[in-house]
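dropping a prediction and its sequence here:
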Amino acid sequence: MGGCDVVTFINFMIENQREITNNLFRHIELVGISVFVGIIISIPLGILLSRHKKLAGVVLAVTGTIQTIPGLVMLGFALIFLGIGMLPALVVLSLYAILPILRNTYTGITEVDPSYTEAARGIGMTNMQMLFKVELPLALSSIIGGIRISTVYIVSWATLAGMIGAGGFGDPIWTGLATYNTGLILSGAIPSAILALILSGLIGLLQRILTPRGLKGVRV
C-alpha cells in the first residue's frame, strides 16, 4: 500500500484492527509507566527543592539539559547499555517525563501566596501539615499541568521507541517509512495524535475539577 486515499486507509485500518489495538495498548503502557515514574520522582524532588532553593537551580538545569538531548541519541545510548525492548525505552521516556512535572511542582509550591503559609504557621501547623493541607492543595493545579505537558510529550516521544523494539505506534510508523507504505505510517501517526489529544483533554478536565474554586483562572 503505497499511496493512500481516505477509503483505502479506512479499509486498511479495519483489516489491521487487531494489530492497531495491540499497538494502542503497548503505547498506553509505555506512556503510563513512564509518566508514573516521572511523577514518583518529580513530586518528592520538587518538594525537596522548594525547601532548598539554592539547590533547585542546579537540579533544574541538569534535568533541562537532559530534555534538550535528542530522543534518538538517548535511545541510542540506552540501546548500547540496556539492549532492545521496553526497558531501554522506559528508562529514556521516564527521564524525559521528569522535567515538566518537576518544574511545575517546584514552581507551584514556591509561588503559593506567603499569606497562606503565614496563616497556617500562625495557627500552629507543623511544616508537614502546611505541606499537605496548604501548599500541595494550592499547587495541585500547577502539578497536574506539569503531568499534562509530560504526558503529551511522552505520547509523541514514545513513537521513537519502535526503533528499538519497544512496540507501540512507533512500529508501523518506522516500518512504513522503511517500506514507503503510507498506510502503515498513518496507522501509527494518526492514532498517536488522537491519543495525545484525548489524554491532554482528560488531564485538563481533571486539572479544572481539582483547582480550588477561588483559584480558577489564576496561575498558582
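Here it is on my side, so go on.

could you point out which residue ranges in this protein have low pLDDT?
Along the chain, segments meeting pLDDT under 70 span 1-4, 212-220.

mind giving me the packing neighbours of the longest helix along the chain?
Taking DSSP state H as the criterion, the chain has its longest helix at helix 17-51. On a contact count with 3 or more Cβ pairs under 8 Å, 6 or more residues apart in numbering; DSSP states H and E, helix 17-51 meets helix 53-68, helix 86-110, helix 136-157, helix 170-179, helix 182-210. Where C-beta positions appear, they are placed from N, C-alpha and C, glycine not excepted.

any idea how far stretch 123-131 is from the chain center?
Its chain's C-alpha centre and that of stretch 123-131 lie 31 Å apart, by Cα atoms, centre = their mean, to the nearest Å.

check stretch 100-115 too.
That offset, for stretch 100-115, works out to 18 Å (Cα atoms, centre = their mean).

what does it contact?
38-39, 41-43, 45-47, 49-50, 53, 56, 59-60, 63, 134-136, 138-143, 145-147, 149-150, 153, 219-220 (Cβ atoms under 8 Å, 6 or more residues apart in numbering).

repeat for stretch 126-136
When contacts are defined by Cβ under 8 Å, 6+ apart, stretch 126-136 is touched by residues 47, 50, 109, 112, 116, 117, 120, 121, 125, 143.

SS state for residue 124?
coil (DSSP: H, G, I helix; E, B strand; the rest coil).

now it: how far from residue 116?
With distances taken as Cβ to Cβ, to the nearest Å, residue 124 is found 15 Å from residue 116.

same question for residue 95.
Residue 95 is 33 Å from residue 116, where distance means Cβ to Cβ.

mind checking which of those two has more residues around it?
residue 95 (19 against 14; other Cβ atoms under 10 Å).
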